[in-house]
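> structure for this input, please:
(chains A and B)
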Amino acid sequence: MSSNSEHQKSTGLHIGTAAPGVQKVNPILVIDHVKKSFGGLTAVDVQHLEIPSGAITALIGPNGAGKTTLFNLLTGFDTPDTGAWSFKGKELAGVPSFKVAQMGQVRTFQLTKALSLLTVLENMKLGAKNQTGEKLLNSLFPFLWRKQDNELEAKAMELLKRFKLDAKKDDFAASLSGGQRKLLEMARALMTDPVLVMLDEPMAGVNPALTQSLLEHVLNLKKEGMTVLFVEHDMHMVRHIADWVVVMAEGKVVAEGPPDSVMKEQAVIDAYLGAHQDTDLGVVTGRIKVISEEGK
Amino acid sequence: MDWGSILNNTLAGMLTPTILAFALAALGLAMHFGFAGLLNFGIAGFMAVGAYGYAISVLTFGLPWWAGMIMGVAASVVFALIMGIPTLRLRGDYLAIVTIAAAEILRLLFLTTAFEPVTGSADGLFGYNNTGGFAEANPFPVGDYGWGPWTYNEQTLWMLTFGLIVLAVATLLLWALMRSPWGRVVKGIREDEDAVRALGKNVFAYKMQALIIGGVFGALGGIVLATSTNVSPGVYVTSLTFFLWTALLLGGAATIFGPVLGSIIFWVLQAFLTNVLPALAESGILPVSGIQAATLRYVLVGIGLMLIVIYRPQGIFGDKREMTFVK
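The predicted structure follows:
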């Protein structure tokens, strides 16, 4: 917990008043007029959005707001009807997903994608980029790739230790629990030496104790100079670690700003948080008495 | 019943050019399905391309046997490219439908009388082993070799030696590929191609490479088969594909030696049933005629395939933890 309290929020990320589409001091992702429809439904319609570099940005919004679709569009897993977006100044429209990943923009999935019948260590080593032995002809001659492979193994073991998965290295990923698979997916993404890490609901289905360590891992990413963009419904996590919050509803960006101020905006409360965000669920449903009154 | 001859024939069935051809094609299927997760139901088509490529190059274009075989392999690479470019973007089960259709189209093209001067239509092609010089390249002097059920004349010994060398090289190649980082990516694609794509790998290129390598193994199987029998469109039928699948699943889809040993077990069982079932019918133990008894073995093969998939999906040699069908 010590590093949690030490952690400093990044401020001064934007220029001018915080409003949807506000300009950032140092944007890593710039999105313009990105629109995607599924039949009659407009899933994503973002006029302008900039993601600040070197900070942790949270993307929140109600179910069906288009958060995951936006993720898919930005990483090349889906193509928008119109629009342009750039990563570190390079245009990404029409770039296939594997090239996006090679450029340093790596993502995880809402439904965890562990490679079940590969061992944990193999999962990790697969993540590394520019492997000599991954070329067909080179693969037949171990002396060309053995050294690099051993180095990658050492790097993978270091990451696995950090994520407390080192004891599982020879087990199939299929034998891991749901939370451990989330950890593995995040650790595997780090094997690619990313610049921007995009996490789709990293905390979903993870127990509270593991949430703590996952939070630390996310904060560490920023400490190491990476930019983080994540989708999450856990508002405690968003408040605690996000430097910037983007709120989406019905495909549009309805608000953005630092977490403390953006969560007080009426539009955000109406669209997403609800009026009783800080009240116990039992109080909302009327099943238990208001605790604060009891205490007095 | 003559148990002596039944046993003798069964033992002789342990090493034949057909088994070697089967093992090669099953190795190709292991590359496709076992390691890359490509549901290829058109492996008979790859075998046909190899066999016809060899025979036509020799008979129509007058190439020597080794150049004809290289042409057969090259043709299978082209076939894999033509089939792969439009279909590898499809999900697994759709690929299965397309491959089965492609193999059938190919077989019907070889069967039609329109190309009879080149393909020989329903009669197929023969004599290419002599014309191309494969038979002449035999290094063994005339005579009988081996002992007991495994006695071969110099021609069969040459076919077996040739087939064994090709099989050994292919097995070694597959082993070397699958222990490498390349093999790791391919196995990753089998598990979840989107996850591999998200890590910056060109999934389409890897799938294409896997399709070509497995297809080349299939073509080599067709060529080895062509050294021992005639090339005929009646051989490369869909049931051949399913026999190969049975052999593959019997041995273990995601293993190196599984397809080889699976092919041997499959053919030894076939040889045993071919001999024992008519004998049982003749001696009145089975209440069917001799011909009916001979076809009964296919029924048993079908039942066997079902039992393997249900009770031992990883095959005889597969890792217990690795259930190819259970995801």
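> flag the shaky bits of chain A, pLDDT-wise.
Residue ranges of chain A with pLDDT under 70: A:1-7, A:275-286, A:288-296.
> and it, what are its domains?
Annotated domains of chain A cover A:2-114+A:196-295, A:116-175 [automatic domain parsing].
> including mean neighbour count and distance to B:Leu248, could the ones you listed go into TSV?
C-betas here are computed from N, CA, C, even on glycine. Shown next, in TSV, are these (neighbours: other C-beta atoms under 10 Å in any protein chain shown; distance: least, C-beta to C-beta, whole Å):
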stretch	mean neighbour count	distance to B:Leu248
domain A:2-114+A:196-295	17	26
domain A:116-175	18	17
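> including distance to B:Asp194, could those domains go into JSON lines?
Output for the domains of chain A, formatted as JSON lines (distance: least, C-beta to C-beta, whole Å):
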{"stretch": "domain A:2-114+A:196-295", "distance to B:Asp194": "6"}
{"stretch": "domain A:116-175", "distance to B:Asp194": "13"}
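> in JSON lines, list these along with distance to chain B.
Formatted as JSON lines, the domains of chain A follow (distance: least, C-beta to the nearest C-beta, whole Å):
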{"stretch": "domain A:2-114+A:196-295", "distance to chain B": "4"}
{"stretch": "domain A:116-175", "distance to chain B": "3"}
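> quick one: closest of the ones you listed to B:Gly127.
Closest to B:Gly127 of the domains of chain A, according to C-beta to C-beta: domain A:116-175, at 37.0 Å.
> pull the distance from that closest one to the chain's centre.
Centre-to-centre, domain A:116-175 and its host chain are 23 Å apart (C-alpha atoms, centre = their mean, to the nearest Å).
> quick one on the thing from earlier: right, and the domains of chain A - which one's nearest B:Ala210?
domain A:116-175 (9.5 Å).
> surely A:Ala271 touches A:Val247?
Yes - using C-beta atoms under 8 Å, A:Ala271 is in contact with A:Val247, at 7.0 Å.
> quickly list what's touching both of the two.
A:Gly61, A:Val254 (C-beta atoms under 8 Å, 6 or more residues apart in numbering or on different chains).
> which residue sits farthest out from the middle of chain B?
B:Gly284 (35.9 Å; C-alpha atoms, centre = their mean).
> quick one: secondary structure of that one?
coil (DSSP: H, G, I helix; E, B strand; the rest coil).
> pLDDT score assigned to it?
Confidence at B:Gly284, expressed as pLDDT, is 85.
> so what's it up against?
By C-beta under 8 Å, 6+ apart, no residues touch B:Gly284.
> now do A:Gly205
So A:Gly205 contacts A:Gly178, A:Gly179, A:Lys182 (C-beta under 8 Å, 6+ apart).
> most neighbours among these, which one?
A:Lys182 (25 neighbours; other C-beta atoms under 10 Å in any protein chain shown).
> do the helix or strand containing that one and chain B meet at all?
Using DSSP states H and E, the element containing A:Lys182 is helix A:178-190. Yes - for helix A:178-190, a contact with chain B is found by C-beta under 8 Å from any C-beta of the partner chain, at A:Glu185, A:Arg188, A:Ala189.
> and the end-to-end length of stretch B:34-42?
From its first residue to its last, stretch B:34-42 covers 15 Å (C-alpha to C-alpha, to the nearest Å).
> what segments of the stretch 51-200 of chain B are helices?
B:65-87, B:92-111, B:116-119, B:128-131, B:154-178, B:181-191, B:193-198 (DSSP state H, counting those that start in this stretch).
> helices of the stretch 101-250 of chain A, residue ranges please.
According to DSSP H, counting those that start in this stretch, the helices that the stretch 101-250 of chain A contains are A:120-127, A:136-139, A:142-162, A:178-190, A:208-223, A:235-241.
> show the contacting residues for B:Ala271.
B:Ala271 makes contact with B:Asn9, B:Thr10, B:Ala12, B:Gly13 under the criterion C-beta under 8 Å, 6+ apart.
> picking up where we left off before, out of the helices of the stretch 51-200 of chain B, flag the one nearest A:Leu219.
helix B:193-198 (22.6 Å).
> buried set for the helix or strand following the closest one?
Downstream of helix B:193-198, the first helix or strand assigned by DSSP H and E is helix B:203-228. Along helix B:203-228, these residues count as buried under the neighbour rule (16 or more other C-beta atoms under 10 Å in any protein chain shown): B:203-204, B:206-228.
> can you pull the contacts of the closest residue to B:Gly143 other than its chain neighbours?
Of all residues not flanking B:Gly143 in the chain, B:Glu154 sits nearest, at 6.0 Å (C-beta to C-beta, 6 or more residues apart in numbering or on different chains). B:Glu154 sits next to B:Asn138, B:Phe140, B:Pro141, B:Val142, B:Gly143, B:Tyr145 when contact means C-beta under 8 Å, 6+ apart.
> let's see it at 7 Å
The contact partners of B:Glu154, by C-beta atoms under 7 Å, 6 or more residues apart in numbering or on different chains, come to B:Asn138, B:Phe140, B:Pro141, B:Val142, B:Gly143.
> now restrict the residues you listed to buried residues only.
B:Asn138.
> A:Glu201 contacts A:Gln110, doesn't it?
Yes - the pair A:Glu201 / A:Gln110 is scored as a contact, 4.9 Å apart, by C-beta atoms under 7 Å.
> returning to what we had before: a markdown table for the contacts of B:Glu154, including distance to B:Phe22?
Converted to a markdown table, the contacts of B:Glu154 look like this (distance: C-beta to C-beta, whole Å):
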| residue | distance to B:Phe22 |
| --- | --- |
| B:Asn138 | 23 |
| B:Phe140 | 24 |
| B:Pro141 | 29 |
| B:Val142 | 28 |
| B:Gly143 | 28 |
